[in-house]
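Trainee: The sequence isn't on hand, but the structure is:
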């Protein structure tokens, strides 16, 4: 017994292992406390990802509150939420569904469990968190104009990516085929905007009637009736630009030529009759102050481009619609052609949202939220010009010049004027190298809208997805 007490006394007075013991205890405390912060951050990140899933489900099921019971909505909501959360490793349980028939309100509350990584060391294996969403029939009416670059530089994979991103946005905002509280318009643009042949007689437009014209005099040219030349030919590539973007073009090259063209013989014929037609495209108002404002259409109408060849090489726009299928079809029909004039796209996007003529939308007020999504892949390469032939009406301004500074100035003016109407503006630069237009687009975003600088296809699709999520949030009452 005495030996045991002596050994105990020696253990009590021996301090050689105390530090290790204390450090071991403190290490556990430090790991758990630091890890707890990580776990709680993980919970907040999970909430930020789960909330949009619940919002989307509530929006999708709101139209069914007159057809389904609360129990049926609970089942469908849980299925929709978990379909989106499965990739995140989360599972949500819908705990509350409440329908207010008088206000047309649907309220859904859900709970999800987050598996902890560090707090499990002290017995806390999961953290429960609740999220809720409410949508009411009194939610905002939202009008969105998609103003999308469809110029030649968008050809190929760029345009295909844009189509995919735009269709996904439409599907996100319109989960049902008919959506009474949201309307979307599509405005493809290049040098012009094509408003569609059916809109020829809308108020505020100046589109002269089709006509024929035969110039006076003769047209003469050289012919070579004794031409004996023979050449081999091959296709060769050469550097060029497509809508201001470096590219590669090809042309025929003739070589190993033999023979001679012979002497020229002059031939003259009467001038041929030209058929002037309107193909749907619109120019700019010739009075400078009016081509960046939405007013005075009675005194300064918008001119149509009437020419004897079809200069209207852009897909027709789609006016505001609550129907999803038509928008998807129109997006798929977009083609990449011609050069860039951003102001024409912005102007017609604004006109489709405006309560003014030629396309009267809903009024500017707190019940209607109006949004423009502008996407372009490069700088302005054309600008308005005056008449190009004696026959061209003096009030019509086509887009045949290449004054980039003028076009940029008008782009900025339009952005400012649109923002003054409290229209939300989102802008997207897609693989844009020109610093000037990137700055213009960044400054153009307004009234809660954002600027996105997408350097590749994945970032473009993410930009449209982020915009769709933000617009969905506008429709959530709380």
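Mentor: Looks like it came in fine. This one's a predicted model, so the numbers in the text were calculated from it and none came from an experiment.

Trainee: part of a helix, is residue 373?
Mentor: No. Using DSSP: H, G, I helix; E, B strand; the rest coil, the assignment for residue 373 is strand, not a helix.

Trainee: partner residues bridging it?
Mentor: Residue 373 has these beta-bridge partners by DSSP bridges: residue 146, residue 426.

Trainee: Would you check how far apart it and residue 245 are?
Mentor: 22 Å (C-beta to C-beta, to the nearest Å). The C-beta positions use only the backbone N, C-alpha and C, and glycine is treated the same way.

Trainee: These two: who's more crowded?
Mentor: Each of residue 373 and residue 245 has its neighbours counted (other C-beta atoms under 10 Å); residue 373 has more, 26 against 22.

Trainee: now the strands for the stretch 301-450 of the chain?
Mentor: 302-307, 318-321, 368-376, 383-385, 396-401, 424-430 (DSSP state E, counting those that start in this stretch).

Trainee: Ok, which of those strands comes nearest residue 156?
Mentor: strand 424-430 (12.9 Å; C-beta to C-beta).

Trainee: quick revisit: wait, which of the strands of the stretch 301-450 of the chain is closest to residue 184?
Mentor: Residue 184 sits nearest to strand 318-321 of all the strands of the stretch 301-450 of the chain, at 6.6 Å, using C-beta to C-beta.

Trainee: what's around the residue lying closest to residue 357 once chain neighbours are set aside, how many residues?
Mentor: Leaving aside its sequence neighbours, residue 357 sits nearest to residue 204 (C-beta to C-beta, 6 or more residues apart in numbering; 4.0 Å). Counted with other C-beta under 10 Å, residues neighbouring residue 204 total 17.

Trainee: My read is that residue 204 contacts residue 302, right?
Mentor: Yes. If you go by C-beta atoms under 8 Å, residue 204 and residue 302 touch, sitting 6.3 Å apart.

Trainee: Quick one: residues contacting residue 241.
Mentor: residue 247 (C-beta atoms under 8 Å, 6 or more residues apart in numbering).

Trainee: which secondary structure element contains it?
Mentor: Per DSSP states H and E, residue 241 falls inside strand 230-242.

Trainee: One more: residue 472?
Mentor: Here residue 472 is covered by helix 457-474, with elements defined by DSSP H and E.

Trainee: returning to that earlier point: run me through the strand neighbours of the strand holding residue 241, direction for each.
Mentor: Applying DSSP bridges, one finds strand 230-242 paired with strand 245-258 (antiparallel).

Trainee: Which residues belonging to the partner strand are considered buried?
Mentor: Neighbour counts over strand 245-258 (16 or more other C-beta atoms under 10 Å) mark residue 245 as buried.

Trainee: same check, this time on stretch 167-183
Mentor: Taking 16+ other C-beta under 10 Å as the criterion, stretch 167-183 shows 167, 169, 170, 172, 173, 174, 175, 179, 181, 182, 183 as buried.

Trainee: I'd like to know which of those residues are part of strands.
Mentor: 182, 183 (DSSP state E).

Trainee: What ranges in the stretch 301-450 of the chain fall below the confidence cut-off?
Mentor: 386-397 (pLDDT under 70).

Trainee: one more time with 80
Mentor: 361, 386-397 (pLDDT under 80).

Trainee: go on, the stretch 101-250 of the chain?
Mentor: Residues of the stretch 101-250 of the chain that meet the criterion pLDDT under 80 lie in 101-104, 113-129, 136-140, 242, 244-246.

Trainee: Quickly list what's touching both of residue 204 and residue 302.
Mentor: Overlap of the contact sets of residue 204 and residue 302 (by C-beta under 8 Å, 6+ apart) consists of residue 358.

Trainee: So what sits opposite residue 132 in the bridge?
Mentor: Counting by DSSP bridges, residue 132 forms beta bridges with residue 109.

Trainee: Surely it touches residue 98?
Mentor: No. Residue 132 is beyond contact range of residue 98, at 10.0 Å (criterion: C-beta under 8 Å).

Trainee: Those two: which has the busier surroundings?
Mentor: Higher neighbour count among residue 132 and residue 98: residue 132, with 17 against 13, using other C-beta under 10 Å.

Trainee: Let me see the contact set for the more buried one.
Mentor: So residue 132 contacts 54, 96, 107, 108, 109, 110 (C-beta under 8 Å, 6+ apart).

Trainee: Residue 92 now?
Mentor: By C-beta under 8 Å, 6+ apart, the contact list for residue 92 reads 50, 53, 54, 78, 81, 82, 85, 110, 111, 112, 131.

Trainee: residues contacting the spatially most central residue of the chain?
Mentor: Centroid check for the chain by C-alpha atoms, centre = their mean gives residue 373 as the closest residue, at 4.9 Å. By C-beta under 8 Å, 6+ apart, the contact list for residue 373 reads 144, 145, 146, 147, 169, 426, 428, 464, 467.

Trainee: Can you tell me which of those is closest to residue 306?
Mentor: Nearest member of those to residue 306, counting by C-beta to C-beta, is residue 147, at 24.4 Å.

Trainee: contacting residues for that closest one?
Mentor: Residues near residue 147 by C-beta under 8 Å, 6+ apart: 187, 189, 345, 346, 348, 349, 372, 373, 374, 375.

Trainee: Go again with 7 Å.
Mentor: Residue 147 sits next to 187, 189, 345, 346, 349, 372, 373, 374 when contact means C-beta atoms under 7 Å, 6 or more residues apart in numbering.

Trainee: State the distance from it to residue 343.
Mentor: Distance from residue 147 to residue 343, by C-beta to C-beta: 11 Å.

Trainee: Between the two, which contacts overlap?
Mentor: When C-beta under 7 Å, 6+ apart defines a contact, no residue borders residue 147 and residue 343 alike.
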